[in-house]
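J.: with the input below, show me the fold.
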Amino acid sequence: MRAALFAVGISLALFSSEPTFASDTTIEVGVAPAAMMPTYQAVADAYMQQNPSVQVKLRAAPSYPELTQQILRESLTGHVPDISFQAYSQIRVLVDQGLAVSLNHFIEASGGELTRSPVLQSLGQVKGQTYAVPFWTSMPVVFFNLDLVKKAGSDPKKLPTTWDGILALGRKMSDLGDNTSGFYYIYKNTDWPFQALVDSFGGRMMTPEEESIAFNQRAGELAFNLLERLGKAGMTDMTKDQARQAFVAGKLGILVDASSLLPGMEEKAKDRFEIGIGLHPVDSPDGRLPAGGNAMMLLSKDPDRQKAAWDFIKFASGPIGQAIVVKKTGALPLSLSDKEREELLGSYYRERPNQRALLEGRHLIIDWFGFPGPNANKIVSLIENKSEAVATIKESPAEAMRTLAADVNALLPQ
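T.: Numbers count the residues shown, from 1 in each chain. Down below sits the predicted model:
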């Protein structure tokens, strides 16, 4: 695959000038989650093949919050990686701690290509400054086992697009027996699923100027009400890994999860059942969906290492790097122009209608909000735990929202 990408992609590189950093350079790159190491390594290998004088050393953490905590600990000794692949919601933490380098002047010197769309600009910005360049981006989607759709008496060419329709179909699937579960919403995956619901109902996590929380308004109430409704309708209490395993095993009919899982799921389900995909329901004219995935942040303060790190960031966000990411993860190619996407990935999309369908939702993507202040990850944990409590019918939506709002307010900068 790498040879094919190079044959097609090198002539399309966004930045054709020769690097000006010193030879025999090693740049350290912090990445997460560790499960994505094959993708990170493939991009690093492709870069090193084109730039043999540079070594890219990857350091993996199990999850995004753990990567952030690792970097915060390392900052005490002055040894942080040159680049960090941060979840969109974790960007704010490193900016607030003064560890991130603003990329505005780097982008301006490169002609602005790395943030040539409003979506790309918003995903890496904090208060008007760009601190991160998107690497891979996913969105919440609905996966359907089309074999179970047929067995439940529904038309696989007319998949439901509303929560009412999804729940109705899920109940029919549950009635099939044979230990089949109808539906599952990944409600415990940091705060991303809760944000997806709030955003899709037209709300936001905080007010525009961040004076106060906003998720406790109508959209947040609808989010918790839906989680309760799913739980009362028979959604099995599983971990996200158990739900994903159940889906590819053919024992779960509908799964709401990240679009980046699509290639792996299709591979695991191959020759056993067909997968269909639909966009996460958006129930408001103002509704949007938060970007999942991560972006590259420059942490090195050394000018020479910054040059090498910036060159890698440009490569990884450019045509060759992004073609690798799309094929390995099902990411949305936000940084590719229509021409680049067709030349590098045209045949790939024509052969994969599910991946092609994901492109229709690009206009809905907004930033995965990161809370301000040093307690951001504590807030994420609170939201995750309350989402679980509501979905498993351990707390009512009203009580969960009341205590969540109070607890989050106590953790925000005063």
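
J.: distance between stretch 374-385 and the chain's centre?
T.: Between the centre of stretch 374-385 and the centre of its chain there are 18 Å (CA atoms, centre = their mean, to the nearest Å).

J.: residue 236 belongs to a helix?
T.: No: Residue 236 is assigned coil when assessed by DSSP: H, G, I helix; E, B strand; the rest coil, not a helix.

J.: count the neighbours of the closest residue to it other than its chain neighbours for me.
T.: Of all residues not flanking residue 236 in the chain, residue 181 sits nearest, at 4.8 Å (CB to CB, 6 or more residues apart in numbering). Just so you know, the C-beta spots here come from the backbone N, C-alpha and C atoms, and that holds for glycine as well. For residue 181, the neighbour count with other CB atoms under 10 Å is 22.

J.: where does the nearest residue in space to residue 60 that is not next to it in sequence land on pLDDT?
T.: Excluding its sequence neighbours, the residue lying closest to residue 60 (CB to CB, 6+ apart) is residue 34, at 4.1 Å. We have a pLDDT of 92 for residue 34.

J.: what's the neighbour count on residue 34?
T.: 15.

J.: quick check: residue 285 vs residue 201, distance?
T.: 11 Å (CB to CB, to the nearest Å).

J.: okay, these two: which has more neighbours?
T.: Of the pair residue 285 and residue 201, residue 201 is the one with more neighbours under other CB under 10 Å, namely 23 against 6.

J.: which residues does the more buried one contact?
T.: Contacts here follow CB atoms under 8 Å, 6 or more residues apart in numbering; on that basis residue 201 touches 218, 219, 222, 223, 283, 284, 287.

J.: from those residues, pick the one nearest residue 161.
T.: Among these, residue 283 lies closest to residue 161 (CB to CB), at 10.4 Å.

J.: can you give me the strands in the stretch 251-400 of the chain?
T.: Secondary structure of the stretch 251-400 of the chain (DSSP state E, counting those that start in this stretch): strands at 252-258, 275-279, 289-290, 292-298, 365-366.

J.: quick one: strands adjacent to the second one?
T.: According to DSSP bridges, the neighbouring strands of strand 275-279, each with its direction, are strand 140-145 (antiparallel).

J.: quick one: contacts of the following helix or strand past the strand it pairs with?
T.: Going down the chain from strand 140-145, the next helix or strand is helix 146-151, by DSSP states H and E. Here helix 146-151 makes contact (CB under 8 Å, 6+ apart) with 155-156, 159, 169, 173, 176, 180, 250, 253, 273-276.

J.: distance from the chain centre to helix 146-151, please.
T.: 28 Å.

J.: domain-wise, how is the chain divided?
T.: Domain segmentation of the chain under automatic domain parsing yields 2-138+291-366, 140-289+372-411.

J.: before we move on, back to that, top of the contacts of helix 146-151 by neighbour count?
T.: Busiest of the contacts of helix 146-151 [other CB under 10 Å] is residue 253, holding 29 neighbours.

J.: residues contacting that residue?
T.: Counting by CB under 8 Å, 6+ apart, residue 253 touches 144-145, 148-149, 152, 169-170, 173-174, 180-183.

J.: out of those residues, who's nearest residue 408?
T.: Once CB to CB is applied, the member of the contacts of residue 253 that ends up nearest residue 408 is residue 183, at 28.4 Å.

J.: quick check: closest non-adjacent residue to that closest one.
T.: residue 170 (3.4 Å).

J.: relative to residue 234, how far out is that neighbour?
T.: Taken as CB to CB, the span from residue 170 to residue 234 is 8 Å.

J.: for these two, list the residues in contact with both.
T.: With CB under 8 Å, 6+ apart as the test, residue 170 and residue 234 both reach residue 182.

J.: neighbour count winner among those two?
T.: Between residue 170 and residue 234, counted using other CB under 10 Å, the more crowded position is residue 170 (25 against 14).

J.: let me know the pLDDT of that one.
T.: Value listed for residue 170 in the pLDDT field: 96.

J.: got the contact list for the host helix or strand of it?
T.: Assigned by DSSP H and E, residue 170 belongs to helix 163-174. Residues outside helix 163-174 that contact it (CB under 8 Å, 6+ apart): 142, 145, 148-149, 151-154, 160, 180-183, 226, 229-230, 233-234, 253-254, 281, 283.

J.: any of those buried? List them.
T.: 142, 145, 148-149, 152, 154, 160, 180-183, 226, 229-230, 253-254, 281 (16 or more other CB atoms under 10 Å).

J.: would you mind measuring from residue 328 to residue 169?
T.: For residue 328, the distance to residue 169 - CB to CB - is 31 Å.

J.: which residue ranges form the helices in the stretch 1-150 of the chain?
T.: 2-9, 37-50, 64-75, 91-96, 104-109, 118-123, 146-151 (DSSP state H, counting those that start in this stretch).

J.: pull out the buried residues from stretch 160-174.
T.: So stretch 160-174, judged by 16+ other CB under 10 Å, has buried residues 160, 163, 166, 167, 169, 170, 172, 173, 174.

J.: ok, of these, which one's closest to residue 57?
T.: residue 166 (44.4 Å).

J.: which pLDDT value belongs to that closest one?
T.: 97.

J.: next: residue 1.
T.: In this model, residue 1 is scored at 40, pLDDT.

J.: quick check: residue 324 touching residue 42?
T.: Yes: assessed by CB atoms under 8 Å, residue 324 is found in contact with residue 42 at 5.2 Å.

J.: more crowded one of those two?
T.: Each of residue 324 and residue 42 has its neighbours counted (other CB under 10 Å); residue 324 has more, 25 against 18.

J.: and that one, how far from residue 55?
T.: Residue 324 is 19 Å from residue 55, by CB to CB.

J.: next one: residue 238
T.: Applying CB to CB to residue 238 and residue 55 gives a distance of 42 Å.

J.: now do the contacts for the residue lying closest to residue 230 once chain neighbours are set aside.
T.: Once flanking residues are discounted, residue 230 sits nearest to residue 185: 5.5 Å by CB to CB, 6+ apart. Shown in contact with residue 185 (CB under 8 Å, 6+ apart): 193, 227, 230, 235, 256, 391.

J.: tell me which element the third one falls in.
T.: Assigned by DSSP H and E, residue 230 falls within helix 218-232.

J.: cool, thanks, signing off.
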